[in-house]
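A.B. asks: requesting a structural model of the entry that follows:
(one chain, ligands or ions: 1)
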Amino acid sequence: MMKHELEDQLKAFEKKGIDRRHFFKLMAMAGLLTAASTQKAKAFSSNAKGKIVIIGGGAAGISMAARLKSWLDKPDITLIDPSDRQFYQPGFTLIASGVYQPNDVWKKQEDCMPSDIKWIKDSVTAVDPVWNQVTTQNNGKIAYDFLVLTPGIQTNWEKVEGITHDTLGQGNAYSIYDFEGAQKTWKGLQEFSKTGGRGIFTDTYTKHKCGGAPKKICLLTEHYNRKQGTRDKVDLNYYTASKELYDIPYFTPRLLEIYKERNVPINLNVRVKGVDTSAKQVHFEKIETVGDQKVYTPFVEDYDFLHFTPPMSAPDFVKEAGLGWTEGKLAADGWVMVDKETLVHKTYPNIVSLGDVAGIPTSKTSAAVRKQVPIAAKNLISLMEGKEPVEKYDGYAACPIVTDYGHVLLCEFNYKKEQESSFPFSMMNPSKELWAAWLLKVYFLKPMYFYGMLNGWA
Ligand SMILES: Cc1cc2nc3c(=O)[nH]c(=O)nc-3n(C[C@H](O)[C@H](O)[C@H](O)COP(=O)(O)OP(=O)(O)OC[C@H]3O[C@@H](n4cnc5c(N)ncnc54)[C@H](O)[C@@H]3O)c2cc1C
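C.D. replies: Take a look at the predicted model:
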């Protein structure tokens with residue numbers, strides 16, 4: 001079958017809306033999910049007892065609820081989450097580049113919630129890990145025997161001076177780290193291609209969701225302008241707070257080459273301090289180490305189109321509960337102090353934490369969540385049975401870096417920063433961008449999220 005024919009068929013499939021039956025067909029077609037793996041997910045069972053409270057019903061929380069529900073004979077699970085909608089956040093980058101429509105990336109939260117679990121539609125404001133209870137905004141205190149801590153990340157927009165969540169898009173300053181923000185970015189990106197000028201793309205100095213996302217939107221903007229015939233009207237620049245563009249050695253050389261081929265210069269060790277959206281200027285700080293001193297040099301750059309990444313942290317209530325790391329690199333932003341292999345809290349052994357909030361040295365992605373869920377669920381059940389947690393997570397995460405409309409560098413790796421393949425592309429060279437990985441990203445991963453992961457099957 002020709003490349004574009006397969007893409008057309010997949011597009012048609014997507015448009016019709018995919019039900020569960022089609023989901024399994026689609027996954028089997030791609031070799032992504034076998035009957036054996038679904039059977040394996042169901043095979044385990046336990047008669048352990050205890051009241052489980054899950055804070056946060058995103059990728060990690062709902063997947064945990066689904067797994068625990070199917071593995072426990074008599075599950076007693078309460079999930080607390082205030083949202084009406086479940087978002088497939090990896091789709092935000094594809095909204096911002098016009099590949100997805102906004103309505104493609106969300107479903108009603110009530111349709112994603114596993115049956116037979118108690119959903120309290122509320123926000124948690126405090127956790128008392130000594131007395132085993134959580135406080136909610138509107139439903140008082142809720143006791144637990146075991147806690148699953150999965151409230152994701154807090155996006156701290158106000159830490160960029162001159163920006164608030166509500167002013168996103170003003171003065172051509174955009175961010176895809178938000179559903180509306182992604183939609184505004186797509187409008188801004190198309191306008192930028194007409195007006196031309198200077199495009200600035202930045203990441204941030206804290207750990208952030210999908211470290212590849214700021215790089216993807218930069219490369220997609222570059223290709224969009226080539227497709228429109230306006231590449232010579234735009235000057236694109238990437239600024240990173242890190243000392244290198246990407247720190248997984250297997251993928252870094254090709255990524256650097258791509259930036260060079262596309263004529264997008266990379267500036268290292270720079271942080272965004274603020275944005276003057278009226279003057280269209282970014283205020284940066286360059287951080288250099290001279291001897292054992294850090295030297296901070298401020299500078300200002302004009303822009304016509306800005307894509308920035310807000311600083312991120314664990315939610316305030318997690319920091320205030322004393323659940324975060326108290327020392328080391330993960331302490332500053334309050335990431336939860338769990339064992340990086342078992343995902344069990346280091347002080348409170350009746351708490352597991354996974355997903356973006358977990359303080360573990362890997363990438364914050366839903367691909368990582370997919371691998372963490374069975375480990376955390378089995379270990380929690382062991383704890384409920386009075387046994388030691390023995391399942392070990394190897395740090396697997398994936399970041400499909402979209403390098404243009406049609407290709408993806410499928411970065412998959414573990415704690416050791418070694419390349420690790422979990423998709424059936426063994427006959428291809430994953431150190432290079434692939435069309436097959438584009439198909440995976442655009443057509444397969446979203447149904448895998450909504451129908452596979454959130455049902456505890458993938
Ligand atoms: C722009 C962008 C691009 C991305 N690209 C990719 C990608 O290509 N590949 C990939 O694998 N991942 C990607 N991700 C990352 C991925 O979406 C996250 O890693 C994943 O969603 C983390 O799951 P989580 O359950 O920890 O958090 P979330 O899915 O964010 O869920 C957190 C849940 O907790 C709830 N919550 C928050 N506070 C409270 C509270 N106080 N009380 C109760 N509930 C609360 C929220 O309502 C939410 O439902 C991307 C993310 C973004 C934003």
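A.B. asks: number of nearby residues for the residue of the stretch 301-450 of the chain found nearest the ligand?
C.D. replies: Residue of the stretch 301-450 of the chain nearest the ligand, by Cβ to the nearest ligand atom: Gly355 (2.3 Å). For every residue, glycine as well, the C-beta is placed using N, CA and C. Applying other Cβ atoms under 10 Å, we find 29 residues neighbouring Gly355.
A.B. asks: isn't it up against Val148?
C.D. replies: No - counting by Cβ atoms under 8 Å, Gly355 stays clear of Val148, with 9.7 Å between them.
A.B. asks: overlap in contacts of the two?
C.D. replies: The contact sets of Gly355 and Val148 overlap at Gly61 (Cβ atoms under 8 Å, 6 or more residues apart in numbering).
A.B. asks: enumerate the residues of the stretch 151-300 of the chain near the ligand.
C.D. replies: 151-152, 176-177, 209-210, 213 (Cβ under 6 Å from any ligand atom).
A.B. asks: need the contact list for the nearest residue to Lys74 once chain neighbours are set aside.
C.D. replies: In space, and not counting its chain neighbours, Lys74 is closest to Lys49: 6.4 Å by Cβ to Cβ, 6 or more residues apart in numbering. Counting by Cβ under 8 Å, 6+ apart, Lys49 touches 74, 76, 384.
A.B. asks: flag every buried residue along stretch 393-410.
C.D. replies: 393, 395-405, 407-410 (16 or more other Cβ atoms under 10 Å).
A.B. asks: ditto for stretch 345-354
C.D. replies: Result for stretch 345-354 [16+ other Cβ under 10 Å]: buried residues 345, 348, 350-354.
A.B. asks: in strands, which of those residues fall?
C.D. replies: 351-353 (DSSP state E).
A.B. asks: include pLDDT and distance to Pro389 when you put these into TSV, please.
C.D. replies: Putting these into TSV (pLDDT from 0 to 100; distance: Cβ to Cβ, whole Å) gives the following:
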residue	pLDDT	distance to Pro389
Ile351	98	12
Val352	98	8
Ser353	98	13
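A.B. asks: about what we covered before: Serialize the residues of the stretch 151-300 of the chain next to the ligand to TSV and add fields for pLDDT and distance to Asn267.
C.D. replies: Listed next are these as TSV, based on pLDDT from 0 to 100; distance: Cβ to Cβ, whole Å:
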residue	pLDDT	distance to Asn267
Pro151	98	34
Gly152	98	30
Ile176	98	20
Tyr177	98	20
Lys209	97	22
Cys210	96	21
Ala213	98	18
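A.B. asks: would you point out the most distant pair within those?
C.D. replies: Pro151 and Ile176 (21.0 Å; Cβ to Cβ).
A.B. asks: can I assume His322 is in contact with Val130?
C.D. replies: Slight slip there: residue 322 is Gly, not His. No - using Cβ under 8 Å as the test, Gly322 is too far from Val130 to be in contact (9.2 Å).
A.B. asks: quick one: which of the two has more around it?
C.D. replies: Gly322 (15 against 10).
A.B. asks: any idea how far the residue nearest to that one when sequence neighbours are not counted is from Ala321?
C.D. replies: Excluding the flanking residues, the one nearest Gly322 by Cβ to Cβ, 6+ apart is Pro129, at 7.3 Å. As judged by Cβ to Cβ, to the nearest Å, Pro129 and Ala321 stand 6 Å apart.
A.B. asks: with Glu420 instead?
C.D. replies: Taking Cβ to Cβ, one finds Glu420 at 33 Å from Ala321.
A.B. asks: how about Thr289?
C.D. replies: For Thr289, the distance to Ala321 - Cβ to Cβ - is 34 Å.
A.B. asks: now do the buried residues in whichever helix or strand Phe284 is part of.
C.D. replies: Using DSSP states H and E, Phe284 sits in strand 281-290. Neighbour counts using 16+ other Cβ under 10 Å place 281-285, 287 of strand 281-290 among the buried residues.
A.B. asks: closest one of those residues to the ligand?
C.D. replies: Val282 (19.7 Å).
A.B. asks: nearest spatial neighbour of that closest one, skipping sequence neighbours?
C.D. replies: The nearest residue in space to Val282 (Cβ to Cβ, 6+ apart) is Glu301, at 5.1 Å.
A.B. asks: that neighbour should be in a strand, yeah?
C.D. replies: Yes - with DSSP: H, G, I helix; E, B strand; the rest coil as the criterion, Glu301 is located in a strand.
A.B. asks: can you pull up the most central residue in the chain?
C.D. replies: With distances taken as Cα atoms, centre = their mean, Thr365 lies nearest the centre of the chain, 3.5 Å away.
A.B. asks: quick one: contacts for the residue nearest to Val282?
C.D. replies: Counting by Cβ under 8 Å, 6+ apart, Glu301 has contacts 198, 200, 237, 281-282, 284.
A.B. asks: hmm, 10 Å instead?
C.D. replies: 198, 200, 202, 237, 239, 267, 270, 272, 280-284 (Cβ atoms under 10 Å, 6 or more residues apart in numbering).
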